[in-house]
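**Q** what shape does this take:
(2 chains)
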Amino acid sequence: MKKEIDFEEAVIPIKPALDAFNREIENLVTATPVPPLSSFQALVKQARRTARRRLILETILFPAVALLYLTGMGFLLRHGYTVPLIIFYLGVSFFLPFVILFAQPEAQRRLEQS
Amino acid sequence: MSGRPSATGGTDLAHDPETLAALLQSNYRQVLGFFLKLTQDPNLAQDLTQETMVKAIVHINQYRQEASFATWLISIGANLYRDGWRRQKREEKQYQTLYTAAYRSPPPATAGDNTIAIKEALRQLPLKKRTPLVLKYYYDFTYQEIAALLKIPVGTVRSRLHAAVRELRSILTERKEANEEGN
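**A** Numbering: from 1, shown residues only, chains lettered A, B, ... in the order given. Predicted coordinates for the structure are as follows:
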């Protein structure tokens, strides 16, 4: 099946069955009522509003989290937790590459299995 | 085969919600049909169609009008279904139950034998083989397009299509032989 034409040839024996399935689905789709235009307009409005809200929230959240993080770091450093902080970050820098390396193939494997 | 759906005009959909809503409405059945072919579950297909529409609205800026709007929607839908693999896995289990139930009960009188067999065969196909087959056979996507869409190499698309067709043929042949023996 190296060229697309090979697919067309390979599928010939099951073509009647696939086409019959297609006709059945098309009949089902034709029988399904399409929602009115107003519901699509409402969907567009709603989806845009939600997306805008999320964007605003993310815009506010990012500097807030960054500020909180820096404040926390400053607090810890000022109160003499320099060594524990160094140990923590050394641990993170050591283990993070392994997490990145092994978590991704695992997710991919699960996806492949599905 | 359904073939490629019709293309849109040259309007800027991001700034025209009315046209966008009309376009979504006119392509509703195309997307629903795609999900019905993929899932064979009307309720799930409708939910996924709705999700696809929402995703399309949010990402409308990414629509380049190189492909038809329906093709773009189907691409979003295929990705959505692929990404929701956990839900899909749950559904697969449910389908398996449904399949077992359907296998035990006599087939409905209205459906042709061909259709019943292919539906069962498609349900048995894993998603990774079923999706390329549906995209290729019913929507005429090229190998390259399927590869880009599913984020897999072109060679993998070829081998999955080959395996899908081989499995379908084998299941249909088995069923045909079983029917002949039964008669």
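**Q** next to chain B, which bits of chain A? Give me the list.
**A** Along chain A, the residues adjacent to chain B under the rule CB under 8 Å from any CB of the partner chain are A:1-2, A:4, A:7, A:10-11, A:13-14, A:16-22, A:24-26, A:28-30, A:32, A:34-35, A:37, A:40-41, A:43-45, A:47-48, A:51, A:110-112, A:114. Backbone N, C-alpha and C define where each C-beta goes, glycine included.
**Q** just give me how far the helix or strand hosting B:Ile76 sits from the chain centre.
**A** For B:Ile76, the host element (DSSP states H and E) is helix B:69-83. Mean-position distance between helix B:69-83 and its chain equals 9 Å (CA atoms, centre = their mean, to the nearest Å).
**Q** can it be found next to chain A?
**A** Yes - using CB under 8 Å from any CB, we find that helix B:69-83 touches chain A at B:Arg82.
**Q** which parts of that helix are buried?
**A** If you call a residue buried by 16 or more other CB atoms under 10 Å in any protein chain shown, then helix B:69-83 has these buried ones: B:69-78, B:80-82.
**Q** ok so, going back, please produce a PyMOL select command covering the buried subset of the residues of chain A next to chain B.
**A** Provided next is the PyMOL selection string for whichever of these are buried by 16+ other CB under 10 Å:
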select buried, chain A and resi 1+7+10+11+14+17+18+19+20+21+22+24+25+29+32+35+40+41+43+44+47+48+111+114
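**Q** so which of the residues of chain A next to chain B are in helices?
**A** Mapping the residues of chain A next to chain B onto helices (DSSP state H) picks out A:4, A:7, A:10, A:16-22, A:24-26, A:28-30, A:37, A:40-41, A:43-45, A:47-48, A:51, A:110-112.
**Q** lowest-pLDDT helix or strand in the chain?
**A** Picking chain A for this. Lowest mean confidence among the helices and strands of chain A (mean pLDDT, DSSP states H and E): helix A:4-10, at a mean of 79.
**Q** you looked at the wrong chain, it should be chain B
**A** helix B:85-104 (a mean of 50).
**Q** any idea which helix or strand comes after that one?
**A** Counting by DSSP H and E, what follows helix B:85-104 is helix B:113-124.
**Q** chain center to the helix or strand following that next one: distance?
**A** Using DSSP H and E, the helix or strand that follows helix B:113-124 in sequence is helix B:127-139. Distance, stretch centre to chain centre, for helix B:127-139: 6 Å (CA atoms, centre = their mean).
**Q** sec struct for the residue of chain A positioned farthest from its centre, please.
**A** Relative to the C-alpha centroid of chain A, counting by CA atoms, centre = their mean, A:Gly80 is the outermost residue, at 40.6 Å. For A:Gly80, the assignment made with DSSP: H, G, I helix; E, B strand; the rest coil gives coil.
**Q** do A:Val83 as well
**A** A:Val83 is classified as helix under three-state DSSP.
**Q** burial of it, as a residue count?
**A** A:Val83 has 8 neighbouring residues, counting by other CB atoms under 10 Å in any protein chain shown.
**Q** quick check: it vs A:Tyr89, distance?
**A** Note on A:Val83: its distance to A:Tyr89, by CB to CB, to the nearest Å, is 11 Å.
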